[in-house]
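Enquirer: let me see the structure of the following:
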Amino acid sequence: MLKALGPGILMAGAAIGGSHIVASTQAGAFFGWQLLIVIILVNLFKYPFFLYGERYTAATGETILHGYHRLGRGYLYAFFALNLANAVLNCAGTAFLAASLALNLGLEGVLGEKPLAVIISCICASIIILGRYRLLDKTAKLVIFCLAVSTVTAVLAAALQGPAGDPNYESPSPWTLASIGFLIQFMGWMPAPIDVGAWPSLWMQSREKETGHRATMREAMIDFHLGYITTVVLAVVFLTLGVLVMHGTGADFGETGAQFAHTFISMYANTIGDWATPIVAIAAFTAMFSTALTCVDAWPRSLATCTALALGKEKLFTSLHIIWILLTVVTGIVIITWFTASMGQLLFIAMVVSFATSPVFAYINYRTIQAEWVPLQYRPGPLLRCLSWTGMAFLSISTVAFFYWLIAIR
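Expert: Numbers count the residues shown, from 1 in each chain. As a prediction, this is how the structure comes out:
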């Protein structure tokens with residue numbers, strides 16, 4: 001079992017980032033407990049499409065991207081195109097947000113956000129290129145452990161102190177046209193875009209090479225659920241922090257994710273005491289660093305796998321992975337250095353593309369796990385099929401609502 005644990009935890013590290021430290025905390029700060037049910041439902045509706053990555057690999061011994069390739073090259077090329085755009089923009093964005101949060105660890109005045117973001121990008125690339133999967137796995141597990149301990153400690157301290165806001169404050173409704181943009185984006189990134197569901201499948205093969213053990217279906221499912229449940233629990237924990245520390249205070253939370261995070265940490269210190277600042281600062285930074293680290297590995301890993309499959313040169317995967325890591329990080333550094341002012345718009349475009357394609361990739365994952373070459377006993381049963389179709393309907397309706405909102409605000 002210990003030899004199989006890893007890919008699901010890495011996926012948790014990728015998911016617990018902006019969607020948690022920013023979006024979940026904002027949800028609690030803006031709307032109180034009203035979006036708690038949304039966190040639970042959206043994670044339930046997306047659950048099958050993240051599950052199918054590890055399930056497919058455990059059933060067939062190949063990655064789910066091999067399954068895309070078997071279905072038809074068009075599926076693989078579409079996945080490659082989406083990942084190419086996301087890799088550069090999101091790796092730059094997560095590194096920059098991690099750098100802005102690192103300033104709260106005593107680095108303010110020592111280094112600026114841009115140099116810190118470049119350093120974090122280089123550290124992540126070095127861990128992966130020099131240490132390969134072994135060091136990535138060990139580092140991510142340590143970071144997730146620190147994240148879980150610091151976050152739970154932070155929410156317990158806030159709970160003992162009691163809510164900081166006005167007890168008579170009436171929360172605005174999230175079910176209005178004005179709020180639909182935040183609501184849709186919140187659901188789109190919770191726990192992560194659907195294309196992230198392919199990553200554990202890729203990590204499973206690396207884990208097998210590392211340990212010499214091919215995970216059984218039972219072991220793979222335990223690993224997946226351990227990571228997925230962790231993401232859901234911590235999403236609720238961050239929402240709770242938003243409710244306890246920020247909701248009903250009337251504070252100006254800032255316009256960007258970084259400004260919101262800084263405001264949250266300062267308000268936490270004012271509510272609980274300066275002694276607690278390092279706890280929530282570590283929780284915020286480790287959340288984003290874990291995302292930055294796993295993204296610098298996983299998006300290039302996806303691109304390298306797609307390239308190797310398209311060329312029919314799977315033996316070149318290691319070299320292609322390193323090449324894509326370097327290309328992604330260098331391009332990300334260029335964006336951080338010269339296009340920081342436009343990063344918010346660039347990330348919004350990436351989010352729109354990723355969100356709009358979610359129903360498509362959900363369907364592709366469903367088709368892949370239902371393929372004739374997957375052993376019958378590992379294909380979805382009636383309950384999972386029903387949940388899959390419900391999830392695809394939910395994603396489709398959410399996408400239509402999002403574009404309606406975009407048109408309405410213009």
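
Enquirer: so which residues of this protein form helices?
Expert: 7-15, 25-31, 36-60, 64-71, 73-102, 113-161, 177-188, 199-211, 217-245, 257-272, 277-311, 317-338, 343-369, 382-409 (DSSP state H).

Enquirer: what is the burial count for residue 319?
Expert: 12 (other Cβ atoms under 10 Å). Backbone N, C-alpha and C define where each C-beta goes, glycine included.

Enquirer: gap between it and residue 311?
Expert: Distance of residue 319 to residue 311, given as Cβ to Cβ, to the nearest Å: 12 Å.

Enquirer: so where is the stretch 101-250 of the chain shaky, pLDDT-wise?
Expert: 109 (pLDDT under 70).

Enquirer: try 80
Expert: 104-112, 143-144, 147, 177-178, 181, 184-185, 188-189, 250 (pLDDT under 80).

Enquirer: show me the contacts for the residue nearest to residue 213 when sequence neighbours are not counted.
Expert: Of all residues not flanking residue 213 in the chain, residue 3 sits nearest, at 4.1 Å (Cβ to Cβ, 6 or more residues apart in numbering). Counting by Cβ atoms under 8 Å, 6 or more residues apart in numbering, residue 3 makes contact with 207, 211, 212, 213, 215.

Enquirer: residues in contact with the third one?
Expert: Shown in contact with residue 212 (Cβ under 8 Å, 6+ apart): residue 3.

Enquirer: now do it against residue 4, distance only.
Expert: 12 Å.

Enquirer: same check, this time on the last one
Expert: Taking Cβ to Cβ as the measure, residue 215 and residue 4 are separated by 4 Å.

Enquirer: for the stretch 251-400 of the chain, which residues score under the pLDDT cut-off?
Expert: Residues of the stretch 251-400 of the chain meeting the criterion pLDDT under 80: 251-277, 284, 287, 339-356.

Enquirer: related to what we said a few turns ago, make a PyMOL selection of the buried ones in the contacts of residue 3.
Expert: Here is the PyMOL command that picks out the buried ones among those, judged by 16 or more other Cβ atoms under 10 Å:
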select buried, resi 207+211+215
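
Enquirer: would you check which pair of the contacts of residue 3 lies furthest apart?
Expert: Pairwise distances across the contacts of residue 3 peak at 11.6 Å for 212 and 215 (criterion: Cβ to Cβ).

Enquirer: returning to what we had before: and the helices of the chain, which is most packed in?
Expert: helix 7-15 (a mean of 28; mean count of other Cβ atoms under 10 Å).

Enquirer: output it as PDB - backbone C-alpha positions only.
Expert: Provided in PDB are the C-alpha atoms of helix 7-15 (Å, rounded to 0.1, in the frame of the first residue of the first chain):
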ATOM      1  CA  PRO A   7      -0.300  10.100  -7.200                       C
ATOM      2  CA  GLY A   8      -3.500  10.900  -5.400                       C
ATOM      3  CA  ILE A   9      -1.600  13.000  -2.800                       C
ATOM      4  CA  LEU A  10       0.200  14.800  -5.600                       C
ATOM      5  CA  MET A  11      -3.200  15.700  -7.200                       C
ATOM      6  CA  ALA A  12      -4.300  17.100  -3.800                       C
ATOM      7  CA  GLY A  13      -1.100  19.200  -3.800                       C
ATOM      8  CA  ALA A  14      -2.000  20.500  -7.200                       C
ATOM      9  CA  ALA A  15      -5.700  21.200  -6.400                       C
END
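
Enquirer: check which helices and strands that helix sits against.
Expert: Helices and strands touching helix 7-15, by 3 or more Cβ pairs under 8 Å, 6 or more residues apart in numbering; DSSP states H and E, are helix 36-60, helix 113-161, helix 199-211, helix 217-245, helix 277-311.

Enquirer: now do the fourth one: distance to the chain's middle.
Expert: The chain centroid and the centroid of helix 217-245 are separated by 12 Å, computed with Cα atoms, centre = their mean, to the nearest Å.
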